[in-house]
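K.L.:
with the sequence up front, the predicted model follows.
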Amino acid sequence: MLYYAVVFFIIAVVAAIFGFGGIAAGAASIAKILFIVFIVLFIASLLFGALRR
């Protein structure tokens, strides 16, 4: 999941450099959503792992 967030972030940066504003904004928003989902799943994994022990 974090891999896809980084990939979309790189796509957003490259698109912004070349001046594709719409594509850059779309890729950046997808990267932001994926990163938030990754953080939530990571925290849930840590909590459930700690409760299991």
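P.N.:
Arrived safely, thanks for sending. Numbers count the residues shown, from 1 in each chain.
K.L.:
what about Ile30, which helix or strand?
P.N.:
Using DSSP states H and E, Ile30 sits in helix 21-52.
K.L.:
do the same with Tyr4
P.N.:
helix 2-18.
K.L.:
mind giving me the packing neighbours of that helix?
P.N.:
If contacts are counted by 3 or more CB pairs under 8 Å, 6 or more residues apart in numbering; DSSP states H and E, helix 2-18 sits against helix 21-52. All C-beta spots, glycine's among them, are computed from the backbone N, C-alpha and C.
K.L.:
quick one on the thing from earlier: now do the helix holding Tyr4 against helix 21-52, angle only.
P.N.:
Orientation of helix 2-18 against helix 21-52 (axes from the mean of the first three to the mean of the last three CA atoms, to 10 degrees) gives an angle of 160 degrees.
K.L.:
output helix 2-18 as PDB, nothing but the C-alphas.
P.N.:
What follows is helix 2-18, C-alpha atoms only, in PDB (Å, rounded to 0.1, in the frame of the first residue of the first chain):
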ATOM      1  CA  LEU A   2       2.800   2.400   0.900                       C
ATOM      2  CA  TYR A   3       4.500   1.400  -2.400                       C
ATOM      3  CA  TYR A   4       1.400   2.600  -4.400                       C
ATOM      4  CA  ALA A   5       1.300   5.900  -2.400                       C
ATOM      5  CA  VAL A   6       4.900   6.500  -3.300                       C
ATOM      6  CA  VAL A   7       4.300   5.600  -7.000                       C
ATOM      7  CA  PHE A   8       1.400   8.000  -7.300                       C
ATOM      8  CA  PHE A   9       3.400  10.700  -5.500                       C
ATOM      9  CA  ILE A  10       6.200  10.300  -8.000                       C
ATOM     10  CA  ILE A  11       3.700  10.500 -10.900                       C
ATOM     11  CA  ALA A  12       2.300  13.700  -9.300                       C
ATOM     12  CA  VAL A  13       5.700  15.300  -9.100                       C
ATOM     13  CA  VAL A  14       6.700  14.300 -12.700                       C
ATOM     14  CA  ALA A  15       3.300  15.600 -14.000                       C
ATOM     15  CA  ALA A  16       3.700  18.900 -12.100                       C
ATOM     16  CA  ILE A  17       7.200  19.400 -13.500                       C
ATOM     17  CA  PHE A  18       5.900  19.000 -17.100                       C
END
